[in-house]
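Colleague: model the structure of this input:
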Amino acid sequence: MAEEASDVPVVVFQCKTCSAIVGDSMNILHLSEPNRTVTLQCVINVNRSAVPIYSTQGDDAGNTYHELMCRQCKRILGRWYSATLPQFDAYRMAYTLNADDVVEYHVGMTTPVEEWRMDGALAVADWMNKMETVDDLSKRMEKVRKVLLVVEERLVESKRRVDQKKRAKKKLKLSSPKKPVQPGRPKS
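Modeller: Here you go, the predicted structure:
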């Protein structure tokens, strides 16, 4: 598994104004390409506004959020939703960063990326989805293996009982007295 994890580059998200690191791809919860946002489980160097804002317009109308600001330069980086409609549950109590307010850096990359294209974040999310699928498949295979072991045990027990009955029948035939042929009577 360590080899698999090294195949996917870690993406670091930085404030577009001051380059303060605000999060990384290891904490991705949700990506929205149409909205150009990435939602992270946790962030650093970010402050949440004290006053909640009730959104009345746009895609998130009806939700309550706090603005997320860079701790160093105070640039607004995104939103932290405290109360959401059911269709926005993926964003609730998480940190949603706007792609236009952060830049991404691929760890190990030699040239910085000037504009955030979400490529790295999408690649990481795709890899994480595949790993969840692999984990799910592994769990299912383990269940099948256990069922097959039970079936094998039952087959072995059934074969043992059949063999035991055959031996008992054979033993019964050997131990039962043979009927004597009566003399003087012709066989028909």
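Colleague: check which helices and strands the strand or helix carrying residue 104 sits against.
Modeller: Per DSSP states H and E, residue 104 falls inside strand 102-106. If contacts are counted by 3 or more C-beta pairs under 8 Å, 6 or more residues apart in numbering; DSSP states H and E, strand 102-106 sits against strand 11-15, helix 119-175. No exception for glycine: its C-beta is placed from N, CA and C like everyone else's.
Colleague: sheet-wise, list the partners of the first one with their directions.
Modeller: Counting by DSSP bridges, the strands paired with strand 11-15 are strand 21-24 (antiparallel), strand 102-106 (antiparallel).
Colleague: hmm, who's touching that strand?
Modeller: 20-25, 38, 40, 45, 70, 72-73, 75, 77, 97, 101-107, 120-121, 124 (C-beta atoms under 8 Å, 6 or more residues apart in numbering).
Colleague: which among these count as buried?
Modeller: The neighbour-count test (16 or more other C-beta atoms under 10 Å) marks 20, 22-25, 38, 40, 45, 70, 77, 97, 101-106, 120-121, 124 as buried among the contacts of strand 11-15.
Colleague: hang on, the earlier thing: adding distance to residue 165, write the strands paired with strand 11-15 out as TSV.
Modeller: Converted to TSV, these look like this (distance: least, C-beta to C-beta, whole Å):
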stretch	distance to residue 165
strand 21-24	67
strand 102-106	69
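Colleague: out of the ones you listed, nearest to residue 147?
Modeller: strand 21-24 (40.4 Å; C-beta to C-beta).
Colleague: now the closest one: average pLDDT?
Modeller: Confidence for strand 21-24, expressed as mean pLDDT, is 94.
Colleague: likewise for stretch 151-158?
Modeller: So the average pLDDT for stretch 151-158 ends up being 90.
Colleague: buried residues in that stretch?
Modeller: Buried residues in stretch 151-158 (16+ other C-beta under 10 Å): none.
Colleague: give me the contacts around that stretch.
Modeller: Contacts of stretch 151-158 (C-beta under 8 Å, 6+ apart): none.
Colleague: export it to PDB, keeping only CA atoms.
Modeller: The C-alpha trace of stretch 151-158 is given here as PDB (Å, rounded to 0.1, in the frame of the first residue of the first chain):
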ATOM      1  CA  VAL A 151     -19.000 -24.700   2.400                       C
ATOM      2  CA  GLU A 152     -15.800 -26.700   2.300                       C
ATOM      3  CA  GLU A 153     -16.200 -27.700   6.000                       C
ATOM      4  CA  ARG A 154     -19.700 -28.900   5.300                       C
ATOM      5  CA  LEU A 155     -18.700 -30.900   2.300                       C
ATOM      6  CA  VAL A 156     -15.900 -32.600   4.300                       C
ATOM      7  CA  GLU A 157     -18.400 -33.400   7.100                       C
ATOM      8  CA  SER A 158     -20.900 -34.700   4.500                       C
END
